[in-house]
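1. generate coordinates for the sequence data below:
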Amino acid sequence: MKHTLIIFLSLFLMQSLTGQPLLVRDKYLRIDAGANDPLYTTYAATIDRSRLYGDKAYKMVYYEPGEPIYYENDKGGRIYTLWMVNDVAVINSGEFYQPPVVKYSFPDMAITNHQPMQGIEVQETFFVYSSTVSLVNLEIENVSEQPLEITLFPVFELNNDSLQVKDFQAGSKSYITERFETHHRLISGLYKNAPYPYYYNDVLSVNQPVYSYGAYHGTHEAFYDTIKTDHYAQDKYNDTLNMKQSGYYDFVSLHLKIELQPGQSETVRYFRGSEDKESDLQLVINQMEELKQANLQPFVDQNVQLFASVPRLEFNRPAEKTIYLGALNLVRGSMLPPTGETTHNFYVFSRNPLWGWGHGHQVLHESLSMIPYVYLDAESAQGSQRVYMEQQGEDGLIAYRHGPRGPQTYPHKNEPTTSAPFYSWINWELYSVSQDQEFLKDAYRSGVQYVEWLFKNRDDDQDGTFEWGPYGIIENVRDWYNAVFQVSAERYLDVDKEDISDELECLDLSLMVCNEINYLARMAEALDLPAEAKKWKEESAKLSQLINERMWHPETGFYYSVNAKDHSFFFMDRDLKRQEIIGFLPLWAEVAPIERAEKLVRHLTDTTKFWRKFGVPTLAADDPWYSPDVDYCCKWNGPVWLLWNYMVYDGLKKYGFDEEADQLADKMVLAVEEQLSKNHNYWESFSPDNTVLNSPSNYIWDAIMAKVLIEKYLSD
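-> Okay, the predicted model is just below:
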């Protein structure tokens with residue numbers, strides 16, 4: 001009797017899934033984003049169902065009227081649905097009776113409402129369940145007064161005539177295909193010795209009976225001619241697809257039919273599975289079979305719970321909330337579980353698109369994205385910082401990269417490479433939110449060791465200010481078109497001849513070290529270590545004095561790097577007085593006296609120099625090297641980098657320039673709003689003056705926008 005009851009309850013729960021729209025029980029998370037709203041639309045599986053190699057994340061495109069709503073993986077094809085209602089085909093979202101509106105957007109899931117035809121209400125949920133399986137859940141309701149026949153064509157498209165059809169499995173209602181995926185990327189190809197798959201098996205499957213199936217050449221527009229009956233043709237469409245089970249094609253499609261009476265609802269759920277050809281595809285099929293009957297509501301509830309801790313900001317405009325939530329989605333979607341040589345979760349720079357340099361483990365300047373992330377998941381953010389702690393060298397070194405492959409030191413001239421030292425600053429910001437005393441103790445101990453390493457290894461002449469290491473062209477984070485460190489305008493010399501950052505007393509590094517010391521002092525006070533706090537405050541005062549004595553130029557009223565040998569503002573015949581964004585970092589590091597701070601702000605708000613439409617450029621607009629164009633990655637002769645703009649913003653707040661800080665925040669918001677509204681991407685860098693960009697997209701550190709908005713609204 002008990003066993004029978006369990007079976008009955010299971011069947012009841014499974015049946016109750018039919019026609020039940022998913023609910024989000026937190027009104028704050030509702031966004032109602034149309035095609036031109038600034039919505040970030042890239043989705044990746046949550047941490048515990050993700051993996052580093054062979055991972056598939058997706059961009060949702062709901063805003064192109066000449067396309068269906070589709071979900072695209074970088075280099076790996078796309079999935080979408082074509083509709084037919086009572087023999088009327090609707091293949092593009094621009095033809096919908098009511099266009100798509102994204103109601104909710106989470107790191108792994110988007111919930112969208114639309115009406116492809118009058119009388120058909122659809123809740124379309126895209127869910128990246130794991131690194132191998134994603135699904136589209138269609139809750140379809142007939143809200144008309146007439147019975148409707150609905151024909152659906154779920155499609156997996158590669159669109160390059162190289163999708164090899166292997167089989168159709170009637171039992172699992174699955175199309176099995178094989179394809180090749182290149183490792184080449186424009187910015188940086190995938191690491192050749194890492195186990196990224198080249199050949200994948202893909203599965204297109206569905207939870208409904210399959211009426212027919214087929215494989216075709218061409219585009220979805222050409223497919224319209226196939227699925228739409230031509231009453232005048234002798235070989236007219238006979239209500240089934242071509243049932244191909246072998247050969248090379250552009251796309252494959254399943255063919256479903258449902259009939260809905262007025263008021264009736266139905267759930268259609270289709271899947272895309274993707275796995276390395278050498279792995280067991282049956283495991284992917286089994287995972288999809290389980291998901292065909294799974295209740296998706298708990299996954300929605302988990303996302304709602306994930307956002308329970310973020311500040312409930314009351315924004316002036318709906319666009320700001322969309323940017324805020326999207327920035328948190330961006331960083332969460334970049335997190336991966338422990339693997340290899342780390343026992344903690346870590347991040348990559350992007351999961352879709354994927355490029356090699358962005359998949360090469362954590363770097364301290366990208367880790368500034370943990371500052372906003374801590375509001376979403378403090379444990380995960382702290383875990384990311386613990387990757388550095390567990391892999392820190394015995395001598396205190398934090399290497400350029402850390403992660404599953406261990407420390408990556410990129411040695412040059414027999415010296416290891418570190419990164420821009422933002423370490424203790426980040427750790428303090430995390431503690432300020434989490435109040436985790438154990439994390440603070442460990443972070444302080446590690447931060448002390450790292451600063452001691454910097455004193456020993458980045459002040460070679462022991463004069464009290466700091467030089468970047470011999471591989472400074474990557475260590476200093478400002479590696480292309482840097483007007484001071486880069487010798488030639490086009491960087492045509494080799495590394496050692498081109499980069500002079502190890503031959504200067506560097507303003508940026510000296511300020512970063514001073515900032516680290518300031519936060520060690522705060523940590524020591526919070527840990528009730530008064531003697532150590534006093535020591536760090538004295539070190540900070542000493543370094544601040546040296547920076548102000550050596551690096552301030554009174555005639556121009558600005559801070560610059562100086563020659564390491566004679567502390568002059570010249571290196572050979574080169575004038576080092578080039579006004580860069582780093583000249584404002586004395587505000588961030590609290591080094592500038594107030595009268596100098598006022599002069600810096602006058603430079604900052606000069607529209608002919610730094611006060612541009614979309615933020616503070618990396619180089620003054622009146623410098624001969626200045627370029628507002630973002631035509632590749634990593635440029636420091638004009639483009640806006642949001643993290644560095646945040647440091648300027650933070651410095652303005654510290655010195656009480658609140659009005660200017662708010663104006664800068666608005667410029668940063670405008671930069672991302674323009675891009676998210678038209679292409680729905682975050683970007684590595686932004687143009688200060690125009691809206692056309694060519695650089696890596698969906699870059700993790702743009703998550704700092706969430707922190708900018710928190711600072712702006714919580715301090716008002």
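2. so Val102 bridges to which residues?
-> Ala33, Thr112 (DSSP bridges).
3. what helices and strands are in contact with the helix or strand containing Pro372?
-> In the assignment (DSSP states H and E), Pro372 maps to helix 370-373. Judged by 3 or more Cβ pairs under 8 Å, 6 or more residues apart in numbering; DSSP states H and E, the packing partners of helix 370-373 are helix 318-332, helix 378-391, helix 423-434, helix 704-714. All C-beta spots, glycine's among them, are computed from the backbone N, C-alpha and C.
4. so what secondary structure elements neighbour the second one?
-> To tie it back to what came earlier, the one meant is helix 378-391. Looks like helix 378-391 contacts strand 346-347, helix 370-373, helix 423-434, helix 437-457 (3+ Cβ pairs under 8 Å, 6+ apart).
5. show residues contacting the shortest one.
-> With contact meaning Cβ atoms under 8 Å, 6 or more residues apart in numbering, strand 346-347 is reached by 331, 334-336, 338, 361-362, 366-367, 369, 384, 387, 402-404, 700.
6. before we move on, what about stretch 299-315?
-> So stretch 299-315 is contacted by 22-26, 28-29, 46, 106-109, 111, 127, 129, 320-321, 324-325, 328, 332, 375-378, 706, 709-710, 713-714 (Cβ under 8 Å, 6+ apart).
7. dump it to CSV, restricted to CA.
-> Written as CSV, here are the backbone C-alpha positions of stretch 299-315 (Å, rounded to 0.1, in the frame of the first residue of the first chain):
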residue,chain,number,x,y,z
PHE,A,299,16.0,25.8,-9.6
VAL,A,300,14.1,29.1,-9.9
ASP,A,301,13.8,29.3,-6.1
GLN,A,302,17.5,28.6,-5.7
ASN,A,303,18.2,31.7,-7.9
VAL,A,304,15.9,33.8,-5.9
GLN,A,305,17.6,32.7,-2.7
LEU,A,306,21.0,33.5,-4.3
PHE,A,307,19.9,37.1,-4.7
ALA,A,308,18.4,37.4,-1.2
SER,A,309,21.5,39.0,0.3
VAL,A,310,22.1,41.8,-2.3
PRO,A,311,21.2,45.3,-1.3
ARG,A,312,17.7,46.3,-2.5
LEU,A,313,18.6,49.6,-4.1
GLU,A,314,15.9,52.0,-5.0
PHE,A,315,17.0,53.2,-8.5
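8. okay, buried residues for that stretch please.
-> Buried residues in stretch 299-315, counted by 16 or more other Cβ atoms under 10 Å: 299-300, 303-304, 306-307, 310, 313.
9. now do the same end-to-end measure for stretch 256-275.
-> End-to-end span of stretch 256-275 (Cα to Cα, to the nearest Å): 25 Å.
10. same question for it, mean pLDDT?
-> Taken as a whole, stretch 256-275 has an average pLDDT of 97.
11. in it, what's buried?
-> 256, 258, 260, 264-275.
12. from start to finish, how long is stretch 601-609 in a straight line?
-> End-to-end distance (Cα to Cα), stretch 601-609: 12 Å.
13. so how far is Ile474 from Ala420?
-> 10 Å (Cβ to Cβ, to the nearest Å).
14. ugh, wrong one, I meant Gly583
-> Relative to Ile474, and taking Cβ to Cβ, Gly583 is found at 22 Å.
15. out of those two, which sits in the more crowded spot?
-> Using other Cβ atoms under 10 Å, the more surrounded residue of Gly583 and Ile474 is Gly583, with 29 against 20.
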